[in-house]
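>>> sharing a model that was predicted from the sequence below.
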Amino acid sequence: MKETNTTASATAPSNIAIVKYWGKKDEQLPVNPSISFTLSKSVTQTDISYQTTNTALEILFLLDGNEKPEFIPKIRAYIQRIKHLLPALETGILTINSSNTFPHSSGIASSASSMAALSMALFDALATSDVNKEPTLSEMARLGSGSACRSTSLGWNLWGRTEQMPLSTDQYAISLNERISPVFQTLQDTILILNSSKKTVSSTVGHQLMENHPYREGRIQQANANTEKLLNILKTDDFNAFAEICEEEALSLHALMMSSKPGYTLLEPVTLQAIERLKAFRAENKLPLTFTLDAGPNLHIIYPQAHSKAIMTFIMIYLRPFCEDNQLIKDEISFNTINK
Ligand code: PMV
């Protein structure tokens, strides 16, 4: 067999969900639809090289140029799941070199951007030309980490079946960019790093705890209703209606964690203090800002670009002191391009 070497590179953004995916079924399929937008500065860059051999697949993984063998079992499990899409990966030597633009301990989930970037690089190197690129990329990323399927295409994405969108599916995410009004095309996401410690309970365990959760059915109904509502709101300029869903989803996600068996908390007292401060500022100034949370204590402050000046001034004076070592990340939606 003649050995060949193929290389490919890809960059993919992280994303923040407004309607949250929480709970899965079968092979990494969601129990409810979710809606998110991709970020501009929080991205992963991945370079791969693939050498053909006739021996079982060998994997080498480097993060910022340093070998990290502890990540290989997760990558191997992922490759096992995508082998129907990229059968070549049974054999060969695969070297993956990945780096994030955001610090490892920043509280931003790197699994979405890293699994999306890896899927994109593998697809470029190894996919056959007859597959449909966009859905396949998103499906591959989903099989690495559920939320990663919303990171292979920039802007607003919907993942999961919902009546209102005939093309929606649990298998991959679809772009919503065609139906987004101007105000929601410029959203800013300033991420307050309130605590950068490693999570005490992983999202994998959190998803599992939804299987027998006492509020499971109610949650599925709530997420479906919020998906339908948000799909309509994103076509309008109604920021207040958006904020209502955004906060309900963020707080429900953490309420589900607290009411799991066993219950757990990922919020910190400082998260609640920052939320209260934000609400007081909003009540006084009537400015359009809201918040969301991922599976962790760090607060994402969301607002339209047109109000950046006043809201950033507030954040820098009143919210930044809550941050660990004054750390915050000024990110924004990546609608057409990524700013590295
Ligand atoms: O993609 P996972 O398995 O890490 O799950 C992520 C779930 C949340 O980030 C909490 C919500 C979401 O929809 O991104």
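Thanks, I have the structure now.

>>> list the buried residues of stretch 214-221.
For stretch 214-221, burial by neighbour count (16 or more other Cβ atoms under 10 Å) applies to 216, 219, 220. Using the backbone N, CA and C atoms, a C-beta is placed for each residue, glycine as well.

>>> the first one and residue 22, how far apart?
For residue 216, the distance to residue 22 (Cβ to Cβ, to the nearest Å) stands at 10 Å.

>>> residues of the stretch 51-200 of the chain that sit close to the ligand?
109, 111, 145, 146, 147 (Cβ under 6 Å from any ligand atom).

>>> contact partners for the first one?
Contacts here follow Cβ atoms under 8 Å, 6 or more residues apart in numbering; on that basis residue 109 touches 14, 147, 203, 294, 295, 296.

>>> go again using 6 Å as the cut-off
residue 294 (Cβ atoms under 6 Å, 6 or more residues apart in numbering).

>>> low-scoring pLDDT stretches of this structure, where are they?
1-2, 104-107, 340 (pLDDT under 70).

>>> how does it divide into domains?
What automatic domain parsing lists as the domains of the chain is 5-178, 184-332.

>>> pick the most buried one from those domains.
A comparison of the domains of the chain by mean neighbour count, using mean count of other Cβ atoms under 10 Å, puts domain 5-178 on top with a mean of 20.

>>> and it, how far from the chain's centre?
Its chain's C-alpha centre and that of domain 5-178 lie 11 Å apart, by Cα atoms, centre = their mean, to the nearest Å.

>>> do the same with stretch 228-235
Offset of stretch 228-235 from its chain centre (Cα atoms, centre = their mean): 20 Å.

>>> how close does residue 15 sit to the ligand?
7 Å (Cβ to the nearest ligand atom, to the nearest Å).

>>> quick one: residue 45 is in a helix?
No. Under the criterion used here (DSSP: H, G, I helix; E, B strand; the rest coil), residue 45 is strand, not part of a helix.

>>> quick check: it touching residue 12?
No. The pair residue 45 / residue 12 is not scored as a contact, 8.5 Å apart, by Cβ atoms under 6 Å.

>>> now the strands for this protein?
5-19, 24-25, 29-30, 34-56, 58-63, 66-67, 91-100, 156-159, 173-175, 187-192, 290-293, 299-304, 328-332 (DSSP state E).

>>> for residue 124, which of those strands is the nearest?
For the strands of the chain, the distance to residue 124 is smallest for strand 5-19, at 4.0 Å, taking Cβ to Cβ.

>>> what pairs with the closest one, parallel or antiparallel?
Pairing partners of strand 5-19, with direction, according to DSSP bridges: strand 34-56 (antiparallel).

>>> show the contacting residues for residue 176.
For residue 176, the contacting residues are 156, 158, by Cβ under 6 Å, 6+ apart.

>>> quick check: it vs residue 202, distance?
As for residue 176, its distance to residue 202 is 29 Å (criterion: Cβ to Cβ).

>>> which other residues reach stretch 218-225?
With contacts defined as Cβ under 6 Å, 6+ apart, stretch 218-225 is touched by 19, 31, 32.

>>> and the residue of the stretch 101-250 of the chain closest to the ligand?
Nearest residue of the stretch 101-250 of the chain to the ligand (Cβ to the nearest ligand atom) works out as residue 147 at 3.2 Å.
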